[in-house]
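**Student:** Predicted model and sequence follow; I will ask about them next.
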Amino acid sequence: MSSRSRWPLWIVSGSAILFLIAPVLLLIPMSLGSAEIIEFPPSKIGLDQYRKFFNHPAWQSAVLNSLQVSVMTAVFSTFLGLLASLGLVWGRFKGKGLINAFIISPMIVPLIVMALAFYISLAKFGLLGTKLGLVLAYTPLTLPFSVLPISATLRGFDRSLEHAARILGASRFQTFTKVTFPIIRPGVFTGAIFAFMIAFDEVVIALFICGSTAVTLPKKMWDVIRYEIEPMLPAISTLLLLLAALILVLVGLLQRRVARRMTVG
């Protein structure tokens, strides 16, 4: 396409991107306001809302709960995702397609349905309002996002490296820890990052399960929006945007590393 014929495409694409990100970008200047209400443009610029957030015990407790639940979810989801990926990619058995569809199903099933199912199930075991209950509910939700990148990495893995290690006398465990895992590690870390971020941002299931004793940051933000409008909400949202941007950079670096290793292999 010539440069003249491309400019309408650039205009349409740029307009679409601006339409999508403009409301999000407005949060950044709003977060710098020092008034007791949310205002745009802010009448006074400062970091008061950020200071209030970092010095507020209830908000910091919610952040700590979210971090703990997200880390535990990422660990469990990545471990199960690695085992599932090894079986689905390298295993030879009937029903692989059915098992794979079952693992991927949380990406399709409405969250409200999953939330209700977990609420009923966890209530029978007295796990409502606990961090363990949140982890148990988040693990199936994040499992597909762990399986997909790990499986993609395993499909590009040259298994002749394993055979060479076994011929040289390495055990199965040594072969996995010394040969297989170091090569697929970027895919495993990518799955863990996705699992962490999804668990950290999830709010629908949290509304059903966390109660008043295991309140996460998204649940706390929902309660504040519903019952009162805190002027620090744009500041919190801006911090979450920065976290999401950092996650995207890490995922991009890991994907580039995976592609480089697959090219070398």
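**Tutor:** Nice, thanks for sending it over.

**Student:** Just checking the distance from stretch 201-216 to the centre of its chain.
**Tutor:** Here stretch 201-216 is found 16 Å from its chain centre; the criterion is CA atoms, centre = their mean, to the nearest Å.

**Student:** Same question for stretch 190-204.
**Tutor:** 2 Å.

**Student:** Residues contacting that stretch, please?
**Tutor:** Residues outside stretch 190-204 that contact it (CB atoms under 8 Å, 6 or more residues apart in numbering): 66-67, 69-71, 73-75, 77-78, 81-82, 111-112, 115, 138, 141-143, 145-150, 216-219, 221-222, 240, 243-244, 247, 250-251, 254-255, 258. In short, each C-beta sits where N, CA and C put it, glycine included.

**Student:** What of stretch 136-143?
**Tutor:** Residues contacting stretch 136-143 (CB under 8 Å, 6+ apart): 69-70, 73-74, 76-77, 80-81, 84, 103, 106, 111, 114-115, 118, 122, 127, 194-195, 198-199, 202, 205, 209.

**Student:** mean confidence for it?
**Tutor:** For stretch 136-143, mean pLDDT is 92.

**Student:** Among the contacts of stretch 136-143, which are located in helices?
**Tutor:** Those of the contacts of stretch 136-143 mapping onto helices are 69-70, 73-74, 76-77, 80-81, 84, 103, 111, 114-115, 118, 122, 194-195, 198-199, 205, 209, per DSSP state H.

**Student:** In terms of position in space, what residue lies nearest the middle of this protein?
**Tutor:** Met197 (2.3 Å; CA atoms, centre = their mean).

**Student:** and that one, how far is that from Ala123?
**Tutor:** Met197 sits 28 Å away from Ala123, going by CB to CB, to the nearest Å.

**Student:** do Ala206 as well
**Tutor:** 15 Å.

**Student:** repeat for Ile103
**Tutor:** Separation of Ile103 from Ala123 (CB to CB): 25 Å.

**Student:** So which of these two has more stuff around it?
**Tutor:** In this view Ile103 and Ala123 are compared by other CB atoms under 10 Å, and Ile103 has more residues nearby, 21 against 13.

**Student:** For that one, which residues are in contact?
**Tutor:** 84, 88, 143-144, 147 are the contacts of Ile103 under CB under 8 Å, 6+ apart.

**Student:** 7 Å - rerun?
**Tutor:** Ile103 makes contacts with 84, 143-144, 147, as judged by CB atoms under 7 Å, 6 or more residues apart in numbering.

**Student:** same thing with Leu122?
**Tutor:** Applying CB under 7 Å, 6+ apart, the residues near Leu122 are 128, 133, 136-137, 209.

**Student:** what number of residues lie near Thr130?
**Tutor:** 18.

**Student:** Also Leu98?
**Tutor:** For Leu98, using other CB under 10 Å, the count is 9.

**Student:** and it, how far is that from Ala152?
**Tutor:** 20 Å.

**Student:** what separates the helix or strand encompassing Thr153 from the chain centre, distance-wise?
**Tutor:** Here Thr153 sits within helix 131-155, counting by DSSP states H and E. Centroid separation for helix 131-155 versus its chain: 9 Å, with CA atoms, centre = their mean.

**Student:** buried ones in the helix or strand following that helix?
**Tutor:** In the C-terminal direction, the helix or strand that comes right after helix 131-155 (DSSP H and E) is helix 160-167. Neighbour counts using 16 or more other CB atoms under 10 Å place 162, 165 of helix 160-167 among the buried residues.

**Student:** ok so, going back, got a quick ChimeraX command for the buried subset of the contacts of stretch 136-143?
**Tutor:** The buried residues among the contacts of stretch 136-143 can be selected in ChimeraX (16+ other CB under 10 Å) with this line:
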select :69,70,73,74,76,77,80,81,84,103,106,114,115,118,122,127,194,195,198,199,202,205,209
